[in-house]
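# 3D model of this:
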Amino acid sequence: MARIRRGVSRLTNFLDNCLTEDRLDSTGLTLQPSPIDLYELAATAKDSAQHISGRHHIITELDENLPLLNADPQLLLILLLNLLGNAIKYSPEGTEIKLRIHQIGQSCRFEVIDQGQGIPPEELPLVFKKYQRGRASGGVPGAGLGLSLVSRISELHAAQIEIKSRENEGTHVTLTFPLN
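Numbering: from 1, shown residues only. As a prediction, this is how the structure comes out:
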């Protein structure tokens with residue numbers, strides 16, 4: 001049953017990515033922002049990620065009294081699921097994956113931190129390109145859409161992305177969203 005659930009979750013995430021890609025490519029795209037409860041968003045993302053893998057420890061760390069974030073909730077969830085999904089795919093079983101959400105001044109910072117294989121420095125500039133997969137992705141399922149979608153969704157929300165990664169130590173992705 002667990003394997004079937006994981007397979008269904010991966011397939012659902014893949015289809016969501018394809019549909020989101022089509023939505024982003026359409027000329028009539030309009031964001032559908034609404035106030036998002038970040039505690040609820042983090043809980044939903046964590047639950048969905050746990051369905052992908054019950055063999056990783058997904059930890060959420062959120063500031064107390066986070067404000068509502070005005071953003072497109074569907075796109076933001078897809079963004080988080082892509083980051084958490086990558087962390088799961090490229091991290092050894094039993095390791096921790098952290099999702100942190102903090103308010104810093106007039107912005108909201110999302111962080112996804114893993115203890116995975118990391119990204120080679122020469123591949124970091126390429127990770128946000130559509131259909132681009134690193135050499136370490138051999139044998140790991142994926143289409144190369146995830147980080148491309150993360151980048152596009154971030155741009156639509158005027159968010160900044162930063163990736164720090166060390167081979168065999170892990171990856172730390174930071175997204176900073178303006179609150180206004």
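# ok but residue 74 is inside a helix, no?
Yes. Assessed by DSSP: H, G, I helix; E, B strand; the rest coil, residue 74 belongs to a helix.
# residue contacts, the spatially most central residue of the chain?
In the chain, the residue lying closest to the centroid (CA atoms, centre = their mean) is residue 83, at 2.3 Å. Under the criterion of CB atoms under 8 Å, 6 or more residues apart in numbering, the neighbours of residue 83 are 112, 146, 150, 173. Any C-beta I mention is one placed from the backbone N, CA and C, and that applies to glycine too.
# surely the second one touches residue 84?
No. In terms of CB atoms under 8 Å, residue 146 does not count as a neighbour of residue 84; the distance is 10.2 Å.
# compare these two (neighbour count), which wins?
Per other CB atoms under 10 Å, whichever of residue 146 and residue 84 has more neighbours is residue 84, with 26 against 23.
# how near is the more buried one to residue 95?
Residue 84 sits 13 Å away from residue 95, going by CB to CB, to the nearest Å.
# repeat that for residue 53.
The value you get for residue 53 to residue 95, if CB to CB is used, is 10 Å.
# just residue 148 next, same as before
According to CB to CB, residue 148 and residue 95 sit 25 Å apart.
# helices of this structure, start to end?
Under the criterion DSSP state H, the chain carries helices at the ranges 2-25, 38-52, 73-89, 146-156.
# what count of nearby residues applies to residue 147?
24.
# do residue 102 as well
15.
# circling back: could the contacts of residue 83 go into CSV alongside distance to residue 91 and pLDDT?
Converted to CSV, these look like this (distance: CB to CB, whole Å; pLDDT from 0 to 100):
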residue, distance to residue 91, pLDDT
112, 11, 98
146, 15, 76
150, 17, 91
173, 13, 97
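# could you dump those into JSON lines and include distance to residue 102?
Output for these, formatted as JSON lines (distance: CB to CB, whole Å):
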{"residue": "112", "distance to residue 102": "13"}
{"residue": "146", "distance to residue 102": "23"}
{"residue": "150", "distance to residue 102": "19"}
{"residue": "173", "distance to residue 102": "14"}
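# of the residues you listed, which is the nearest to residue 76?
Nearest to residue 76 out of the contacts of residue 83 is residue 150 (CB to CB; 10.5 Å).
# I figured that closest one hits residue 76, correct?
No. Using CB under 8 Å, residue 150 makes no contact with residue 76, being 10.5 Å away.
# residue 148 and residue 95: which is more packed in?
More crowded of residue 148 and residue 95, by other CB under 10 Å: residue 148, with 20 against 15.
# need the contact list for the closest residue to residue 45 other than its chain neighbours.
Among residues not flanking residue 45 along the chain, residue 80 sits closest, at 4.2 Å (CB to CB, 6 or more residues apart in numbering). Shown in contact with residue 80 (CB under 8 Å, 6+ apart): 41, 42, 45, 99, 110, 112.
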